[in-house]
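# Here is my input; please provide its structure:
(3 chains)
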Amino acid sequence: MSTNHNDVLLDVQDLKVHFKLHGGLFGQKQTGTVKAVDGVSFQVRRGETLGLVGESGCGKSTTGLGVLRMVEPTAGKVTLDGIDITALNSAALRKARRRMQMVYQDPFGALDPRMRVLDIIGEPLLIHKMFKDKKDYKAQVHDLLERVGLNPNMADRYPHQFSGGQRQRIGIARALAARPELIICDEPVSALDVSIQAQVINLLEDIQEEFGLTYLFIAHDLAVVRHICDRIMVMYLGHVVEVTDRDALYENPQHPYTQALMSAIPIPDPEEEAKRGFDRSLQGEVPSPLNPPSGCPFHPRCRFAHDACKTQKPRLMETDTGHQVACHLYDPAASDINAGDVMEDNLVRAG
Amino acid sequence: MTADLSEKLGREMTGDPARATDEQPETSTDTLPPPAKLPLRYRNRFVEFFYRLFTERPLGAVGAIICVLLLLTGIFADFIAPHGYNAISPLDRLKPPSAEHWFGTDHLGRDVFSRVVYGAQLSVIVAFAATTLSIIISVIIGLFSGYLGGRTDMTTQRVVDGWMCFPDLIILIVAVSVLGPGTWQVILILGLLFGISGSRIVRGAVLTAKENVYVHAARSIGASTGWILWRHILPNVMPPIIVLYTTRLAAVILAESGLSFLGLGIPPPAPSWGGMLSIDGRSYMFLAPWLAIMPGLALAIAVFGINMFGDALRDILDPRMRGGTGRYIARVRKPGGQTT
Amino acid sequence: MLAEETHRHDHAEPETQQEVLLRVSGLKTQFRQDGRTVTAVDGVSFDVRRGETLAIVGESGSGKSVTAMSILRLIPSPPGEIVDGEVLFDGKDMLGLSDEEIRKMRGSEIAMIFQEPMTSMNPVLTIGRQLSEPIQVHRGGDRKSLLAKCVDLLRKVRIPDPENRVKAYPHQLSGGMRQRAMIAMGLGCDPRLIIADEPTTALDVTVQAQILELLKDLTRERGTSMILITHDLGVVARYADRINVMYAGRIVEQGSSGDIFKHPKHPYTLGLMSSIPRLDQPSGTRLTPITGQPPDLSNLPSGCPFHPRCRFAEDRCRAERPPLTQVSDQHWKACWIDVNKP
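Numbers count the residues shown, from 1 in each chain, chains lettered A, B, ... in the order given. Now for the predicted structure:
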């Protein structure tokens, strides 16, 4: 594909989504704040796929919703192709949403059970008045159905008459209907059967090529993310901990959390597994975002944690070209132990 | 509404196991399956609904028949009733039931059967008008309060709370004394009264419906609030609204009778069942018991029928009410042996 | 292949006979609904040896969970019914036991760990109460010794601060902690077999790894056997000794973990392996999915149920259902085709 790699389609600057918890008789008292997304910045270039990975509660889905302004960001700026999404009024925002669509995780809940497939896929066309007449409308829907590998004759059926994989295809067709530039895929395959996942992944790759789409791909499955994404951003408790190219991340994960995450993923090969062993160092679970740890959010689970980690939040900084990590180990200014130890440790584990 | 109802029914009726029956065995990107003929069970959902009503809920079917009879009686009252509802015949006062006057006559010599039949007409008019009004009010309040949430919801709900602090009867008495008695006044008052309390139920359903991912999806497509309410929320809260409608029908009939009984409802000589129970029935209870028994029976049967039908409707519309799980020890059928 | 070779679990070998803890043969479970019969499990046979972990792999509707539930007779009836087969646990015929006897087996001899720890626990009882209940029912004991046992169990599943956690309610624990508590409940009576039905599907990867390691350690330590039901091939590769691959209610391939991953013989297993992206393979390679949709159990294709999705399918596959036949010492498959032939 001939995409200009400096052509930034989506630019997110210091996005914050905080949820205020209310108490009191009339809900007037603010009892706490959940910082679901706390200062996330990234760029997605036209035609590329950026993966957002992390465990539940890391804010990856909320980031996606914040970009679309499905939840109102508390702070930050989202720019889509030069348009400041965060500054739009609600009518202009609805219009802008045509250009960024979403594919959902749950193939059963994402389609209105009372609507025919024709009306589900055609809804964006109706809303944005993107058809000439009834015939054109039908032709467009039939074409979309064919693009996602479904029979146009199925247009008159209801969602319950389809299997999970087929419904996910319908969801993708709906996202395509508005001819968007950006599609936010929120765990698009994790609810599907294993044998169906690959079909949907291939479909997403095909339509990306065909329509020149840009993806923000949110998932927890690192193997799937590695397969489909060009660049990957790892999130933990509302913060970005590492961003880099796909291969760099998998060959040279730098943040201790990324390393632990990698070792936790089983490889479907008993011999590989026996060789690999298992990193038992990562214990415990993601802390509650209501009461996040001070300093580096990962420090209570990190085996390299030292004093600075408990008090200072690490900055996201470049360690290699295009490889950014938020960890004091890689920060020459803050570090009293260095990355060499981590590397050494990796070698010990690998060998 | 009919289309939505039948759609819903069709969906619920097929249930999960049926889902896959017409599924194509092959739907990959490269091969497209031939169009499949839909099985019959998807085609006529209305027929399917009545089939299920009669086989699974016989009592509901009885209720449905009663409702239909009530409706027909109301519509064709002029043809059914042998006399006018106010045809006074002083010579025929307080006659017991006979071949000419099936339900006897009252203290003015009016034919009780004719009055009961016209009473059905009045009940049908009041019930449908007041219930429809109440549902419209409930839906409007419930939709906006539930969907918009936040401050709108908060304010609306406190107002509804305030309204519901007053006993219904007091509101009715005050309203009647302000507006004066009469059919339209009763419809207006009952519609408002039931409409506001019913908004709670609609709001609850909306709160559940708006959490669906497809509502979220519609927003992300760029749909406006009105669009979402009309195309996604409303059709999906139809089942509880339909159930609310049927239960409210019976309640309105009862409330109207109660009001008329107290002399606050539809003034005589209009043949309200409640009014007939009160003025004529009470005074001549021992002398001419048919005066109380006939309209009372009509009222009881009508309310029973509507309630039975409403219950059946709810059971069929609400998949959660369907079927039990049975005991949790598997039965074993051994090849040669007996079942354990 | 000859029909005589049809797999009947080498009853002839005395030394394996000794080790077998659970023997399931010809198990068939059906569900009846709306006048239709769905055969969820159709003639499944396998052994679980002492101390080993057997994985049952399959997609939704493959019958893997129903198989496990049938062993404990946890199938709701109606509509479910075990219509054929034999389940021998330590020589005892599970399907011939009375309701009372089977209740005694559950939890004490065979424990089950479910997928969703939140709904499998009673929200109004403390962890301690729920832990001690099965022990009290099956083993008895006074309050004090039960409490001590609970604290001990929680410590075993590496829940920090067990003395206080016994007093906690389920909602006060995180997902991972709840799943640990579930495991502790399962271990309470020292069962000889644990059936874990997708024990980590609802959990994050780092927590999943911790839980599975814990299960592995605990079963190794006590020599407990485990049936691990999952759809995740990675988990299977890491934790299972032997594998049953199920499709449409039948076992289509059975063998040791090494054999199945290295030399898959059934096109379905092969398809599954090549359809998942793997961390240890070069990135950017295109996936080869299995085409089509999972079958409708009430309307299965003729012959081999996999044939409409199988790229090797021949006429014979459409007509005849292949039996489970032995391909090597510890490896069976239900397929007419030799997938290794060019």
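
# Helices of the stretch 201-350 of chain A, residue ranges please.
A:222-228, A:246-251, A:256-264, A:270-276, A:307-311, A:339-350 (DSSP state H, counting those that start in this stretch).

# Quick check, pLDDT for residue 218.
Here I'm looking at chain A. On the pLDDT scale, A:I218 is placed at 94.

# that's the wrong chain, I meant chain C
With respect to pLDDT, C:L218 has a value of 85.

# Now it. Nearest residue, chain neighbours left out?
C:L187 (6.4 Å; C-beta to C-beta, 6 or more residues apart in numbering or on different chains). C-beta coordinates here come from the backbone N, C-alpha and C atoms, glycine included.

# my guess is that neighbour meets C:L154, correct?
No: using C-beta atoms under 8 Å, C:L187 makes no contact with C:L154, being 10.4 Å away.

# who's more crowded, those two?
C:L154 (25 against 21; other C-beta atoms under 10 Å in any protein chain shown).

# is it true that A:V40 lies in a helix?
No: the assignment for A:V40, made by DSSP: H, G, I helix; E, B strand; the rest coil, is strand rather than a helix.

# just the helices in chain C please.
C:14-19, C:64-71, C:99-105, C:127-138, C:143-156, C:162-165, C:175-187, C:205-222, C:233-239, C:257-262, C:267-275, C:315-319 (DSSP state H).

# Where among those is average confidence lowest?
helix C:14-19 (a mean of 52).

# In chain A, where is pLDDT below threshold?
Filtered on pLDDT under 70, chain A yields the residue ranges A:1-6, A:23-29, A:277-281, A:333-351.

# Tell me which residue is most central in it.
With distances taken as C-alpha atoms, centre = their mean, chain A has A:I218 as the residue nearest its mean C-alpha position (2.3 Å).

# And that one, how far from A:Y104?
To A:Y104, A:I218 is 10 Å away according to C-beta to C-beta, to the nearest Å.

# Spatially nearest residue to residue 225, not counting backbone neighbours?
As the question left the chain open, I've gone with chain A. A:G51 (4.0 Å).

# that answer is for a different chain, and I need it for chain B
Using C-beta to C-beta, 6+ apart, the nearest residue to B:T225 is B:Y147, at 7.1 Å.

# can you pull the contacts of C:F89?
C:21-22, C:71, C:105, C:109-110, C:193 (C-beta atoms under 8 Å, 6 or more residues apart in numbering or on different chains).

# Of the residues you listed, which belong to strands?
C:21-22, C:110, C:193 (DSSP state E).

# Tell me how many other residues crowd B:E100.
There are 13 residues near B:E100, going by other C-beta under 10 Å.

# State the phi and psi torsions of it.
Per-residue torsions, B:E100: phi -80, psi -40 (degrees, to the nearest 10).

# Contact partners for the residue nearest the centre of chain C?
With distances taken as C-alpha atoms, centre = their mean, C:I229 lies nearest the centre of chain C, 3.2 Å away. For C:I229, the contacting residues are C:55-56, C:64-65, C:68, C:195-198, by C-beta under 8 Å, 6+ apart.

# For beta bridges, what are the partners of it?
Per DSSP bridges, the residues bridged to C:I229 are C:I56, C:D197.

# pLDDT score for it?
Predicted confidence (pLDDT) for C:I229: 92.

# could you measure it against chain A, distance?
14 Å (C-beta to the nearest C-beta, to the nearest Å).

# which one is the residue in the stretch 101-250 of chain C that chain A sits nearest to nearest to, not counting chain neighbours?
Chain A sits closest to C:G234 of the stretch 101-250 of chain C, with a gap of 3.2 Å, by C-beta to the nearest C-beta. Among residues not flanking C:G234 along the chain, A:P266 sits closest, at 3.2 Å (C-beta to C-beta, 6+ apart).

# Tell me the spacing between that neighbour and B:L244.
52 Å.

# repeat for B:F261
25 Å.

# Mind checking which of those two has more residues around it?
B:L244 (24 against 19).

# Mind giving me the packing neighbours of the helix or strand hosting the more buried one?
Using DSSP states H and E, B:L244 maps to helix B:238-261. Contacts defined by 3 or more C-beta pairs under 8 Å, 6 or more residues apart in numbering or on different chains; DSSP states H and E place helix B:238-261 against helix B:2-14, helix B:112-148, helix B:168-179, helix B:183-209, helix B:273-275, helix B:290-317.

# Those helices into JSON lines, with extra columns for mean neighbour count and mean pLDDT?
Output for the helices and strands packed on helix B:238-261, formatted as JSON lines (neighbours: other C-beta atoms under 10 Å in any protein chain shown; pLDDT from 0 to 100):
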{"stretch": "helix B:2-14", "mean neighbour count": "17", "mean pLDDT": "37"}
{"stretch": "helix B:112-148", "mean neighbour count": "23", "mean pLDDT": "90"}
{"stretch": "helix B:168-179", "mean neighbour count": "14", "mean pLDDT": "84"}
{"stretch": "helix B:183-209", "mean neighbour count": "21", "mean pLDDT": "90"}
{"stretch": "helix B:273-275", "mean neighbour count": "28", "mean pLDDT": "82"}
{"stretch": "helix B:290-317", "mean neighbour count": "20", "mean pLDDT": "85"}
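
# show me what contacts the closest residue in space to B:L264 that isn't next to it in sequence?
By the measure of C-beta to C-beta, 6+ apart, the closest residue to B:L264 outside its immediate chain neighbours is B:V176, 4.5 Å from it. Counting by C-beta under 8 Å, 6+ apart, B:V176 touches B:185-186, B:189, B:259, B:264-265.

# Tell me who's in contact with the residue nearest to B:T225.
B:206, B:210, B:225, B:228-229, B:233.

# again, only using 10 Å
B:153, B:203, B:206-207, B:209-210, B:215, B:225, B:228-229, B:232-234 (C-beta atoms under 10 Å, 6 or more residues apart in numbering or on different chains).

# Which of those residues sits closest to chain A?
Closest to chain A, out of all of the contacts of B:Y147 and judged by C-beta to the nearest C-beta, is B:H232, at 5.5 Å.

# what's the spacing between the closest one and chain C?
Counting by C-beta to the nearest C-beta, the gap from B:H232 to chain C is 27 Å.

# my read is that residue is in a strand, agree?
No: according to three-state DSSP, B:H232 belongs to no strand; its state is helix.

# Let me see the ranges of the strands in the stretch 151-300 of chain A.
Remark: strands assigned in the stretch 151-300 of chain A by DSSP state E, counting those that start in this stretch are A:182-186, A:214-219, A:231-236, A:239-245.

# Could you pull up the residues touching the residue lying closest to C:V235 once chain neighbours are set aside?
Spatially, and ignoring its direct neighbours in sequence, C:V235 is nearest to A:P266 (5.3 Å; C-beta to C-beta, 6+ apart). By C-beta under 10 Å, 6+ apart, the contact set of A:P266 is A:223, A:272-273, A:276, A:278, C:205, C:208-209, C:212, C:232-239, C:279.

# ok, now which ones touch the residue positioned nearest the centre of chain B?
The residue lying closest to the centre of chain B (C-alpha atoms, centre = their mean) is B:T246, at 0.8 Å. Neighbour list for B:T246: B:63, B:67, B:131, B:306-314 [criterion: C-beta under 10 Å, 6+ apart].

# need the contact list for C:S174.
A:57, A:284-288, C:117, C:180, C:203, C:207.

# what's the closest of these to A:N151?
C:L203 (37.9 Å; C-beta to C-beta).
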